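> This is a predicted model, with the sequence first.
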Amino acid sequence: MHTKTLTELKAGLQAKDFSARELTEHFLARIEHHDGTLNSFVTVTADQALAQADAADQAIAAGDHRLLTGLPIAHKDIFCTEGVRTSCGSRMLDNFIAPYTATVVEKMADQGAIMLGKTNMDEFAMGSSNETSFYGPVRNPWDTERVPGGSSGGAAASLAARLTPGATGTDTGGSIRQPAALNGVTGLKPTYGRVSRWGMIAFASSLDQAGPLGLSAADCALMLTAMAGHDSKDSTCVDEPVGDYLGGINQDIAGLRIGVPEEFFPENLDGAIADNARDALRELEKQGAKLIKLSLPSVTLSVPAYYVIAPAEASSNLARFDGVRFGYRCDDPVDLEDLYKRSRSEGFGAEVKRRILVGTYALSAGYYDAYYKRAQQVRRLIRDDFARAFKDVDVIIGPTSPETAFKLGAKADDPVNMYMADVFTIAVNLAGLPALSMPSGLINGLPAGVQVIGNYFQEGRILNVAHRYQMATDWHQTIPGGFA
Amino acid sequence: MSQSSMNGGWETVIGLEVHVQLATESKIFSASSTRTGDEPNRNASLIDLGMPGTLPVVNREAIRHAIRFGLAVGAEIGRRSVFERKNYFYPDLPKGYQTTQLAEPIVGPGVVDIELAPKGNEGGQGEKKSVRIHHAHLEEDAGKSLHEDFHGMTGIDLNRAGTPLIEIVSEPDMSNSEEAVAFARKLHSIVTSLGICDGDMSQGNMRFDVNISVRRPGQPLGIRTETKNLNSFRFMEKAIALEVARQIDVLEDGGEIVQETRLYNADTHTARSMRTKEDANDYRYFPCPDLLPVLVSEEEIAALKDALPELPDVRKARFINDYQLSGYDADLLSGSVATARYFETATAASGDAKLTANWVMGELTARLNAEDLGIEHSPVSAAQLGQLIQRLQDGTLSSKIAKQVFEACWNGEGDPDRIIEAKGLKQMNDSGELEKIVDQVIANNPAQVEDYRGSDDAKRKKKIGFFVGQIMKATQGKANPQQVNQLLQQKLQ
């Protein structure tokens, strides 16, 4: 059962080939068996999952089939789940039982989804390797000595290992797409504002966006249909009708104009990564798509701009973790100052502290114009670059990540090198565009991914392109050894 | 520059920052009630608590209230305004930042006209002046730290956290405490007339921060201090006088003013430094990424403008015109909605605006002030005062007895007519009965009668007072003084 996609499992449930309880028990057993090695879950909610499964079986018996009825899903531990610990990968929230449920989780539950548990992640979503988690690193099922990427590393690894058939993630600078690429799964970051941020613990509010990770583009389309939509609780959530992502997924792509930016194939790019992406482009060309070379000059500035804006917002967003109302509080504070200093020093890990310091500095009097304001100007230039490009092309494609999964600890002491892991994904967040990463082959036995970027609210189009690619290839069906 | 602002050759410069709590049902970024007086944290939702993952959604009524204020002071309304985060740590600031506006506020520059109390030689017209508004912005209030009852610890009550405020910032256009208080009163009058604030200063629903500096005439502006959180006009006046005197003392002793925030203690009439510029926070303002810029359409502004209630200046003009009041009297009576409403209701009942104005500004205000009551809580209702004045006018009461009736009415003994009836306070207007008493007094005091008759007109005017007094005593004050005078003059001829 675990090798099947959500789409196939949905058909199986409807045909009563197996029950939701059987399905859920199967995945819980797999988690039990494999996750000691992978560490992809922070919390497994077995009892709750089985109760939801029984409810789903009753619904199926009564003929009540919703989008996700009876399908197990793993939620990133950044989404608040009422009554269940919501840690955000941090010691700061190790004791935090959320008093309410995030809109994304609620909407999927309303469509009948079953929550298997909460997946591991970089602390407060800050990281590209899942090594900053308070709960320890997640291991890549393709090579357990390697990282799964981050920050949605638990989501991507659990999916690749078939411990769950579907997962949610969040993407601030590549946190869905980069781990999807490094684990050989499909991950979609929707347009900023497509999915509600209510109940999703903020890292950088103007960049954060939730999205699905699945075994196929079709599965992502299914999950996105349930996740997307206007939410009056999030002022930045856009009131735009949700597309028919599944209905249009199999459209012919003959005549599709694919932009290929030279900036995504820089001279110093690993040749195997470049070749892999070019192979994927050739496959789409075979189906009638046209490749158009273009340039996005400002995209080369996206990493420095991002590492000003994201930490600046984070420094403010994380101020609420002060030991006063919830989360970690130091022992025996002597006064208010001591309570603040020790609660935050002991509750946050090194990478989170680094970004709070960077962000605080960037917003300080005398530096604001030189850093924050300038970074916002760069952000506008990047947006303008994409806007210009989308006048001539329908999608833009390039490699998702400049490398395949690297060894645990390889970059732990080199933050700037770590930040470069997101060099191709960050510009998309700065522009607020939707983008998907799909598996495009193996390099030395490790998955590589290709990123498909669309114009605003063109999720349907990029899912269609990915689906057509997946109809002609089987990289998305390749399972890491030992997890088949 | 008026004479009063000069102080031993020093000139005072004052600017105000006024926090006005907006009278909305719910908070500025959450659906929690803004009600006060509930048990701590009852009105603190997930958003007000700053729970991880929660997001603000702006309360459109707070936006409308701010626009109403802007329209009332003739200000340009920001078609696009932006909320920013002001970052600092404090236990009653749940998110670690206050959501406020800085670079793009909702209300731009405007003007407030004030009129000062008339001096003796101004014939009832006070000096007029315009105070410029620099801008007004929307923001959320913080919670409260409670230091009692927690055994050396501090309790946090977040009921107030997220209550909408507008902060009104004036230009430094005032040159003495009188002008500052007149400006503060005028703002109070404007926001209460608009119905955007209940104006209850004792609850901190309107709070004043006063920026003060002094300089020699012609010199550049001096270094200023800010005295915070003054919540009564009287304290404001006192605090300004104290700070101006302190600054002049420092400068005349050759010292320098330190830019600082000061706290005034009304009980001891002293002030102390809270913090100086050196230990000020770097607030690291930046646009709040959780909120979109607030956009206001021309249609919305036009609709709000059309629906504005009567503003104090219009009401004042109407009072001068309809009731023939002096400018200053009209200012006092039209200033607060409650006073204006009281005056107009009482006048409708009494039929005499001038007399009603005198009673409201005199007897009633003195009594309210003595008991520290707002006019809306007056034990004597407007209808009752109107009835009392009517009885005064129709000769039922002498003004002396009227004060007794007012007192009884204040003490809850019922309507004036009932009190007059029950206590038999009706003025003696029956000339037959009065005549008997006058005759009796004349008969009983032959020496004084002799003395009176032997005096010239000027002395008679004084001496008649003795007989009036005797008659009033005999009638327990109920005699109509005009009738008494008339009868006495006839009979003593």
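Nice, I can see it.

> now residue B:225: how far from chain A?
21 Å (Cβ to the nearest Cβ, to the nearest Å). (Glycine included, C-beta is placed from N, CA and C.)

> Residue B:492 is in contact with residue B:453, isn't it?
Yes. Here residue B:492 reaches residue B:453: they are 6.8 Å apart, a contact under Cβ atoms under 8 Å.

> Can you show me the strands along the stretch 301-450 of chain A?
All strands of the stretch 301-450 of chain A, identified by DSSP state E, counting those that start in this stretch, fall at A:395-399, A:435-443, A:446-454.

> Just put those strands in CSV and tack on distance to chain B and mean pLDDT.
What follows is the strands of the stretch 301-450 of chain A, written out as CSV (distance: least, Cβ to the nearest Cβ, whole Å; pLDDT from 0 to 100):
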stretch, distance to chain B, mean pLDDT
strand A:395-399, 25, 98
strand A:435-443, 20, 98
strand A:446-454, 22, 98
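
> Could you dump those into a markdown table and include mean neighbour count and distance to residue A:36?
Output for the strands of the stretch 301-450 of chain A, formatted as a markdown table (neighbours: other Cβ atoms under 10 Å in any protein chain shown; distance: least, Cβ to Cβ, whole Å):
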| stretch | mean neighbour count | distance to residue A:36 |
| --- | --- | --- |
| strand A:395-399 | 26 | 33 |
| strand A:435-443 | 26 | 26 |
| strand A:446-454 | 27 | 22 |
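
> For the ones you listed, give me TSV that also has distance to residue B:292.
Formatted as TSV, the strands of the stretch 301-450 of chain A follow (distance: least, Cβ to Cβ, whole Å):
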stretch	distance to residue B:292
strand A:395-399	27
strand A:435-443	23
strand A:446-454	23
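
> out of those, which comes closest to residue B:144?
Proximity to residue B:144 (Cβ to Cβ) singles out strand A:435-443 among the strands of the stretch 301-450 of chain A, at 46.2 Å.

> For the residue in the stretch 51-200 of chain B positioned nearest to chain A, give its distance to residue B:103.
Residue nearest to chain A within the stretch 51-200 of chain B: residue B:96 (2.4 Å; Cβ to the nearest Cβ). For residue B:96, the distance to residue B:103 equals 21 Å [Cβ to Cβ, to the nearest Å].

> what does residue A:337 give?
Separation of residue A:337 from residue B:103 (Cβ to Cβ): 31 Å.

> ok, for residue A:87, nearest residue in space, not its chain neighbours?
residue A:93 (4.8 Å; Cβ to Cβ, 6 or more residues apart in numbering or on different chains).

> Neighbour count: residue B:96 and residue B:103, which is higher?
residue B:96 (21 against 10; other Cβ atoms under 10 Å in any protein chain shown).

> wait, what's in contact with that one?
A:316, A:318, A:319, A:320, A:322, B:50, B:87, B:88, B:89 (Cβ atoms under 8 Å, 6 or more residues apart in numbering or on different chains).

> Now with 10 Å, please.
A:315-322, A:324, A:340, B:50, B:85, B:87-90 (Cβ atoms under 10 Å, 6 or more residues apart in numbering or on different chains).

> Not counting sequence-adjacent ones, nearest residue to it?
Here the residue nearest residue B:96, using Cβ to Cβ, 6+ apart, is residue A:319, at 2.4 Å.

> Is that neighbour in contact with residue B:52, as I believe?
No. With contact defined as Cβ atoms under 10 Å, residue A:319 does not reach residue B:52; the gap is 11.7 Å.

> top helix in chain B by residue count?
helix B:233-252 (DSSP state H).

> who touches the helix or strand just after that one?
Downstream of helix B:233-252, the first helix or strand assigned by DSSP states H and E is strand B:260-265. Here strand B:260-265 makes contact (Cβ under 10 Å, 6+ apart) with B:209-210, B:212, B:223-230, B:235-236, B:238-240, B:242-243, B:246, B:270-280.

> Next secondary structure after strand B:260-265?
strand B:270-276.

> For that following strand, which helices and strands make contact with it?
Packing partners of strand B:270-276 (3 or more Cβ pairs under 10 Å, 6 or more residues apart in numbering or on different chains; DSSP states H and E): strand B:225-230, helix B:233-252, strand B:260-265.

> Contacts only, for the residue positioned nearest the centre of chain A.
For chain A, the residue nearest the mean C-alpha position is residue A:176 (2.1 Å; Cα atoms, centre = their mean). Residues counted as contacts of residue A:176 (Cβ under 10 Å, 6+ apart) are A:76, A:149, A:151-152, A:155-156, A:167-170, A:185-190, A:209-213, A:220, A:425, A:435-437.

> Quick check: strands, which of these are part of them?
A:76, A:167-170, A:186-189, A:209-213, A:435-437 (DSSP state E).

> So which bits of stretch B:80-99 are buried?
B:81-87, B:89-99 (16 or more other Cβ atoms under 10 Å in any protein chain shown).

> With just CA atoms, put it into PDB.
Output in PDB follows, covering the C-alpha atoms of stretch B:80-99 (Å, rounded to 0.1, in the frame of the first residue of the first chain):
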ATOM      1  CA  ARG B  80      -2.800  54.600   1.900                       C
ATOM      2  CA  SER B  81      -1.500  54.200   5.400                       C
ATOM      3  CA  VAL B  82       0.900  51.600   6.700                       C
ATOM      4  CA  PHE B  83       1.200  49.800  10.000                       C
ATOM      5  CA  GLU B  84       4.700  49.300  11.300                       C
ATOM      6  CA  ARG B  85       6.100  47.300  14.100                       C
ATOM      7  CA  LYS B  86       7.800  49.200  17.000                       C
ATOM      8  CA  ASN B  87      10.000  46.500  18.600                       C
ATOM      9  CA  TYR B  88      10.700  46.400  22.300                       C
ATOM     10  CA  PHE B  89      10.500  43.900  25.100                       C
ATOM     11  CA  TYR B  90       8.000  44.500  27.900                       C
ATOM     12  CA  PRO B  91       5.900  41.900  29.800                       C
ATOM     13  CA  ASP B  92       2.600  43.500  29.000                       C
ATOM     14  CA  LEU B  93       3.500  43.800  25.300                       C
ATOM     15  CA  PRO B  94       2.700  40.200  24.200                       C
ATOM     16  CA  LYS B  95       4.200  40.200  20.700                       C
ATOM     17  CA  GLY B  96       7.400  42.000  21.600                       C
ATOM     18  CA  TYR B  97       6.300  44.800  19.300                       C
ATOM     19  CA  GLN B  98       3.600  47.400  19.200                       C
ATOM     20  CA  THR B  99       1.800  47.600  15.900                       C
END
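
> Thank you, goodbye.
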